[in-house]
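Student: curious how this folds, go ahead:
(one chain, ligands or ions: 1)
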Amino acid sequence: MSARLIDGKKIAADLRAAVALDVDELAETRKITPGLAVVLVGEDPASQVYVRSKGKATLEAGMKSFEHRLPAGATQAELLDLVQRMNADDAVDGILVQLPLPAHIDANAVLDAIRPDKDVDGFHPINAGKLAVGRPALVPCTPWGSMRLIRAVEPKLAGKRAVVLGRSNIVGKPMAQLLLAADCTVTVAHSKTNDLAAVAREADILVAAVGRPAMVGRDWIKPGAIVIDVGINRVPTPDGKGRLVGDVDFAAASDVAGAITPVPGGVGPMTIACLLENTVRAAKLRRGLALT
Ligand code: GUN
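Tutor: Numbering: from 1, shown residues only. Below is the predicted model of the structure:
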């Protein structure tokens, strides 16, 4: 392995410590304790794990955590009613509805119902639009965390070639907007792109967010590139427990890349740290306080 390892766990721990300090200061100087409400509909095992870790991290940062669990059969009207109550609740600064939602619920209708100034996921079209036109917004946590990891190894991004693999609303599209805002030359590639490997190989910064285990191989990577692996895929193992792997073939890629994130311990911890940061930002924004 020649690549430098980008330690997401450490960078996320530092960010969480900074957020906790900010929370302490808000409590002391303004008597405000930010609150994050997380909603889980149904019993998807991966979503249950994520929601539990988000609640735990929120409490550890000194904030209030509100967890709402609805049965898989909950109606869209029930969920929208809950969103309206959280929108109106002054103790709630951030609202996150865990995705995916059951198929009978229109996820867009739910995301549209969340107050944009409490939208700590940054998925509301108003926040997505603000990001696209370069105005201050609540930014989706995974791409925002990925930008922090990129900047940790390369502060000078202007003019760099960036390739984003994947075009989801949650990661690919906002990731491309953030890289563009940092003056990179950005390509968004996806499952219909001709010769994905050749496109990926042009990248000084390669972000993989496709959800396909170890798809990005050695010949996809330009020597010295920064590789950010957003994928979290569980693959079967003989003991039946399964193992987490990213979208990048880590062993092969780390021979070629200049710097690379591991899975687990790369982007994943940053997503939660940035969610906490967004909750504090939302608490300040709603009260007209200056952001630090
Ligand atoms: N499901 C997978 N990632 C996310 C995320 O960042 N936010 C929400 N709400 N759901 C998700």
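
Student: find the closest residue to the ligand in this structure.
Tutor: Leu99 (3.7 Å; Cβ to the nearest ligand atom). To be clear about C-beta, it is placed using only N, CA and C from the backbone, and glycine gets the same treatment.

Student: which SS class is that residue?
Tutor: coil (DSSP: H, G, I helix; E, B strand; the rest coil).

Student: quick check: closest non-adjacent residue to it.
Tutor: Ala107 (6.3 Å; Cβ to Cβ, 6 or more residues apart in numbering).

Student: contacts only, for that neighbour.
Tutor: By Cβ atoms under 8 Å, 6 or more residues apart in numbering, the contact list for Ala107 reads 99-101.

Student: so where does Asp24 fall, helix or strand?
Tutor: Using DSSP states H and E, Asp24 sits within helix 8-30.

Student: and that helix, what does it pack onto?
Tutor: Applying 3 or more Cβ pairs under 8 Å, 6 or more residues apart in numbering; DSSP states H and E, we find helix 8-30 packed against helix 45-60, helix 141-153, helix 267-286.

Student: what is the neighbour count of the residue nearest to Val171 when sequence neighbours are not counted?
Tutor: Setting aside the residues directly before and after it, Val171 is nearest to Ala209 in space (Cβ to Cβ, 6+ apart), at 4.1 Å. Applying other Cβ atoms under 10 Å, we find 25 residues neighbouring Ala209.

Student: tell me who's in contact with Ala209.
Tutor: Here Ala209 is in contact with 142, 164-166, 168, 171-172, 175, 230-231, 247 (Cβ under 8 Å, 6+ apart).

Student: same check on Met270?
Tutor: Met270 touches 8, 11-12, 15, 141-142, 145-146, 148-149, counting by Cβ under 8 Å, 6+ apart.

Student: can you name the residues of the chain that neighbour the ligand?
Tutor: 96-99, 121, 141-142, 170, 271 (Cβ under 6 Å from any ligand atom).

Student: ok, now with 8 Å
Tutor: The chain has residues 47, 50, 96-100, 121, 123, 140-142, 170, 271, 275 near the ligand, with proximity defined as Cβ under 8 Å from any ligand atom.

Student: those residues, buried ones only, as a PyMOL selection?
Tutor: For the buried members of the residues of the chain next to the ligand, the matching PyMOL selection, counting by 16 or more other Cβ atoms under 10 Å, is:
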select buried, resi 47+50+96+97+98+99+121+123+140+141+142+170+271+275
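
Student: closest to Leu111 among the residues of the chain next to the ligand?
Tutor: Using Cβ to Cβ, Phe123 is the member of the residues of the chain next to the ligand that lies nearest Leu111, at 4.9 Å.

Student: surely Val267 meets Ala273?
Tutor: No - contact criterion Cβ atoms under 8 Å: Val267 and Ala273 do not qualify, at 10.6 Å.

Student: more crowded one of the two?
Tutor: Using other Cβ under 10 Å as the criterion, Val267 and Ala273 rank with Val267 on top: 30 against 26.

Student: where in the stretch 101-250 of the chain is pLDDT low?
Tutor: Applying pLDDT under 70 to the stretch 101-250 of the chain flags no residue at all.

Student: can you give me the helices in the stretch 151-292 of the chain?
Tutor: 172-181, 196-200, 250-256, 267-286 (DSSP state H, counting those that start in this stretch).

Student: tell me which residues in the third one are buried?
Tutor: Buried residues in helix 250-256, counted by 16+ other Cβ under 10 Å: 250, 252-254, 256.

Student: try the second one
Tutor: Buried residues in helix 196-200, counted by 16+ other Cβ under 10 Å: 196, 199-200.

Student: repeat for the longest one
Tutor: Within helix 267-286, the residues that count as buried by 16+ other Cβ under 10 Å are 267-286.

Student: what's the angle between it and helix 141-153?
Tutor: 110 degrees (axes from the mean of the first three to the mean of the last three Cα atoms, to 10 degrees).

Student: mind checking the pLDDT average for helix 267-286?
Tutor: The predicted model assigns helix 267-286 a mean pLDDT of 97.

Student: got the contact list for Val199?
Tutor: Contact analysis of Val199 by Cβ under 8 Å, 6+ apart lists 163, 187, 189, 193.
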